[in-house]
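Chemist: Kindly return the folded structure for what I paste below:
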Amino acid sequence: MRKQISFVVLTNSGSPAKQFCTSRATLRSAAFALALFLCLSSYIGYDYVQLKRRSLKLEQRQTELAERVVSQGSEIDLQIQQIGDFAKEINELKERLLGLNQFEKKIRIMADLEKRQDAGSLFGVGGPIPRTMDPKSALGQTRNSLMREMRSQVGQLYLAAVNQETDFTSLVSHLEKQRRLFASTPTIRPIDPNVEQLTTSHFEYRSNPFTGMREFHRGIDISTREGTPIYATASGTVSFSGNKGLLGKTVIIDHGHGLTTTYGHCSQIIKLQGERVNRWDTIALIGNTGSSTGPHVHYEVALYGVPVNPEKYFLN
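Modeler: Numbering: from 1, shown residues only. Below is the predicted model of the structure:
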């Protein structure tokens, strides 16, 4: 006969005690089932916790990946925008270089100055003008080809800038020489044109007022009130200042380039020998010194010592 195990259950309510009997085998089976349940529950709980952790990690990684994709997308959009802006700047720089080149051509026409024979075009010898790039291409599949073309055009623009600088340097050098030449050319009357005056003798043959003999007059005589300022007709250096025979008190200016001007019959000399003068500087005052019939200035222009007609130089 199998031994049984009895369980007595007592309550506080005064109810009769209840007795349960079970065999050892049943109890062992129940204990085993309970242990198995607890093990399975623990395993399932542990596995659930692990799955939950993995799920949270996956969600976190998914969030990070999404943020990274958004960030990379923003960077790509920014790069696309920068590429488009750079292409636009290259187009604008090219237009400015072409504008400068056209401006240089106009100045050369005005200065009657041809380019040197060995000079090529703006973009090199035989080099065509690079085509205008479309900044919108950065948004399409031609982005890589646009980048290659941008690198190529940057090199061409650098060469064009060097060529333009060389052309402008030669042009400025020529214009500077022309400016110095113009500044040294006697282009105005020695007397203010607003002052009442009269040209009494011209650059021609005439009868000498003192001897009556026919002789060539080497300059022009401008008669006006005594003490009127006499102006330097161009920039230069005073090469003579003092009494000069029949011309009386005289100033001679060396303008360079073989040009000299002479101002005779002055009443007072203001600029002395060796002084540097500019056009419109007062160098002396109208007088009646030397062989003179009245207040006037005898004005001469000579090119390499040969007298030339002063009136051909007047611009005023």
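
Chemist: Where do the strands of this protein begin and end?
Modeler: Secondary structure of the chain (DSSP state E): strands at 4-9, 18-23, 198-201, 205-207, 214-216, 220-223, 229-231, 236-243, 249-256, 259-269, 276-277, 282-286, 296-303, 306-308.

Chemist: Is it possible to get CSV of the ones you listed that adds distance to residue 98 and mean pLDDT?
Modeler: Where you see a C-beta, it was placed from the backbone N, CA and C, and this is true even at glycine. Converted to CSV, the strands of the chain look like this (distance: least, Cβ to Cβ, whole Å; pLDDT from 0 to 100):
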stretch, distance to residue 98, mean pLDDT
strand 4-9, 108, 63
strand 18-23, 108, 65
strand 198-201, 52, 92
strand 205-207, 58, 82
strand 214-216, 57, 87
strand 220-223, 50, 95
strand 229-231, 45, 97
strand 236-243, 42, 96
strand 249-256, 39, 96
strand 259-269, 41, 96
strand 276-277, 43, 96
strand 282-286, 49, 97
strand 296-303, 43, 95
strand 306-308, 44, 94
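
Chemist: So which residues of the stretch 51-200 of the chain form helices?
Modeler: Remark: helices assigned in the stretch 51-200 of the chain by DSSP state H, counting those that start in this stretch are 143-183.

Chemist: where in it is pLDDT low?
Modeler: In the prediction, the stretch 51-200 of the chain carries residues with pLDDT under 70 at positions 51-52, 55, 58-59, 62, 65-85, 108, 110-147.

Chemist: Adding distance to residue 159, write the strands of the chain out as a markdown table.
Modeler: Formatted as a markdown table, the strands of the chain follow (distance: least, Cβ to Cβ, whole Å):
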| stretch | distance to residue 159 |
| --- | --- |
| strand 4-9 | 106 |
| strand 18-23 | 105 |
| strand 198-201 | 58 |
| strand 205-207 | 63 |
| strand 214-216 | 60 |
| strand 220-223 | 56 |
| strand 229-231 | 50 |
| strand 236-243 | 43 |
| strand 249-256 | 39 |
| strand 259-269 | 42 |
| strand 276-277 | 44 |
| strand 282-286 | 52 |
| strand 296-303 | 45 |
| strand 306-308 | 48 |
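
Chemist: Show me the one of those that comes nearest residue 105.
Modeler: Comparing these against residue 105 with Cβ to Cβ, the closest turns out to be strand 249-256 (30.5 Å).

Chemist: Which strands or helices does that closest one pack on?
Modeler: Packed against strand 249-256 by the contact rule (3 or more Cβ pairs under 8 Å, 6 or more residues apart in numbering; DSSP states H and E) you find strand 236-243, strand 259-269, strand 282-286.
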